[in-house]
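[1] The following comprises the amino acid sequence and a computationally predicted model.
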Amino acid sequence: MSDKLSRRRYLAGTGAALTIGTLAGCSGGGDGSDGSDGSDGSGGGGSAVEDVPSEIDEYLSEARMYEGTIMDFTGQDEVTVEVGAGDVGFAFSPAAIRIDSSTTVVWQWTGNGGAHNVASVEGSESDFNSGDSVSEEGHTFEQSFDNTGIQLYQCTPHQANGMLGAIEVVEA
């Protein structure tokens, strides 16, 4: 029984340390002016809102860099999501976005965390897949979303590490 208790304490301590490290890494500035806010590259970033659909909130409960908010990019034609974000490169940033129908999402690889892909999961409103895993910085994959609804996706090689993302597509 002491082994189980030790493992639990170790896991709890590790989780707390990761949480503190993540929060410390997210506390710098916060105005998005460094370009890492997942903006569409045109200078107009989204804003974090708390009215996350429950399907997205549940799916992303174990996702890295998900903080219980969704970035609202409605009104933009194109939005960029980083692939390989975070300290170890096992995250999408932002993890959750809201867009209008007919918006194009561009996933852009950071070159961190090894080889990644972007693939929709069962239950997603649309079926999409970037193909084979890629590790090179600057690689992109684009997908336009015409159907409203919830789009859930993952990096297949790193989904167990919490590399999950979600998109809410709303009527324009």
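    That came through, no problem.

[2] mind listing the strands for the chain?
    For the chain, strands defined by DSSP state E occupy the ranges 47-49, 70-72, 78-85, 91-93, 96-100, 103-109, 119-120, 140-145, 149-154, 164-170.

[3] So which bits of the first one are buried?
    Put plainly, it is strand 47-49. Residues of strand 47-49 classed as buried by neighbour count (16 or more other C-beta atoms under 10 Å): Ala48. Heads up, the C-betas are built off the backbone N, CA and C, glycines and all.

[4] Show residues contacting it.
    Residues outside strand 47-49 that contact it (C-beta atoms under 8 Å, 6 or more residues apart in numbering): Glu67, Thr69, Ile70, Met71, Asp72, Arg98.

[5] want to throw those residues into JSON lines with distance to Glu171 and pLDDT?
    As requested, the contacts of strand 47-49 are exported to JSON lines (distance: C-beta to C-beta, whole Å; pLDDT from 0 to 100):
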{"residue": "Glu67", "distance to Glu171": "26", "pLDDT": "96"}
{"residue": "Thr69", "distance to Glu171": "21", "pLDDT": "97"}
{"residue": "Ile70", "distance to Glu171": "16", "pLDDT": "98"}
{"residue": "Met71", "distance to Glu171": "18", "pLDDT": "98"}
{"residue": "Asp72", "distance to Glu171": "14", "pLDDT": "98"}
{"residue": "Arg98", "distance to Glu171": "12", "pLDDT": "98"}
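
[6] which of the residues you listed tops the neighbour count?
    In terms of neighbour count, Ile70 stands highest of the contacts of strand 47-49 at 26 neighbours, by other C-beta atoms under 10 Å.

[7] What ranges in the protein fall below the confidence cut-off?
    Applying pLDDT under 70 to the chain picks out residues 1-44.
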